[in-house]
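*Asks:* generate a structure from the sequence data that follows.
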Amino acid sequence: MDSNIDSSCKPRRSLCAARSRERELERLRGMTVEARIDAALTMSSRFSWLKPVPRES
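*Replies:* Presented below is the predicted three-dimensional model:
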């Protein structure tokens, strides 16, 4: 790691992202293992409307 890098240039943690992460962790803590597995297995159908964007060369 370069010791000459100004520490003020470090990315800051987004408060919005931190809150969103905490809400998601709370949601997961309230789920049973079976509910987590079911959520994972149905993810492809729940998000089927999302399509990958081809990379430009």
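*Asks:* quick one: mean pLDDT over the longest helix along the chain.
*Replies:* Looking across the chain with DSSP state H, the single longest helix is helix 15-29. The average pLDDT for helix 15-29 rounds to 93.
*Asks:* can you give me the end-to-end span of stretch 31-50?
*Replies:* End-to-end span of stretch 31-50 (CA to CA, to the nearest Å): 25 Å.
*Asks:* could you do stretch 32-48 as well?
*Replies:* Taking CA to CA, the first and last residues of stretch 32-48 lie 24 Å apart.
*Asks:* now do residue 43 against residue 37, distance only.
*Replies:* Note on residue 43: its distance to residue 37, by CB to CB, to the nearest Å, is 11 Å. Every residue, glycine included, has its C-beta placed from N, CA and C.
*Asks:* can you show me the helices along this protein?
*Replies:* Ranges of helices in the chain, per DSSP H, are 15-29, 33-41, 43-46.
*Asks:* between helix 15-29 and the second one, find me the angle.
*Replies:* With axes from the mean of the first three to the mean of the last three CA atoms, to 10 degrees as the basis, helix 33-41 and helix 15-29 are set at 130 degrees to each other.
*Asks:* starting at the chain centroid, how far to helix 33-41?
*Replies:* Taking CA atoms, centre = their mean, to the nearest Å, the mean C-alpha location of helix 33-41 is offset from the chain mean by 17 Å.
*Asks:* what sits up against it?
*Replies:* By CB atoms under 8 Å, 6 or more residues apart in numbering, the list of residues contacting helix 33-41 from outside reads 28, 31.
*Asks:* tell me the mean pLDDT over that helix?
*Replies:* Regarding helix 33-41, the rounded mean pLDDT is 91.
*Asks:* geometric centre of the chain: which residue is closest?
*Replies:* Nearest to the mean C-alpha position of the chain, counting by CA atoms, centre = their mean, stands residue 21 at 7.4 Å.
*Asks:* now that one: how far from residue 27?
*Replies:* 11 Å.
*Asks:* convert stretch 33-43 to CSV, retaining C-alpha atoms only.
*Replies:* Output in CSV follows, covering the C-alpha atoms of stretch 33-43 (Å, rounded to 0.1, in the frame of the first residue of the first chain):
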residue,chain,number,x,y,z
VAL,A,33,-33.4,-21.5,6.8
GLU,A,34,-36.2,-23.0,4.7
ALA,A,35,-37.4,-19.5,3.8
ARG,A,36,-33.9,-18.4,2.8
ILE,A,37,-33.5,-21.5,0.6
ASP,A,38,-36.9,-20.8,-1.0
ALA,A,39,-36.0,-17.2,-1.7
ALA,A,40,-32.7,-18.2,-3.3
LEU,A,41,-34.3,-20.8,-5.5
THR,A,42,-37.0,-18.5,-6.7
MET,A,43,-34.6,-15.6,-7.4
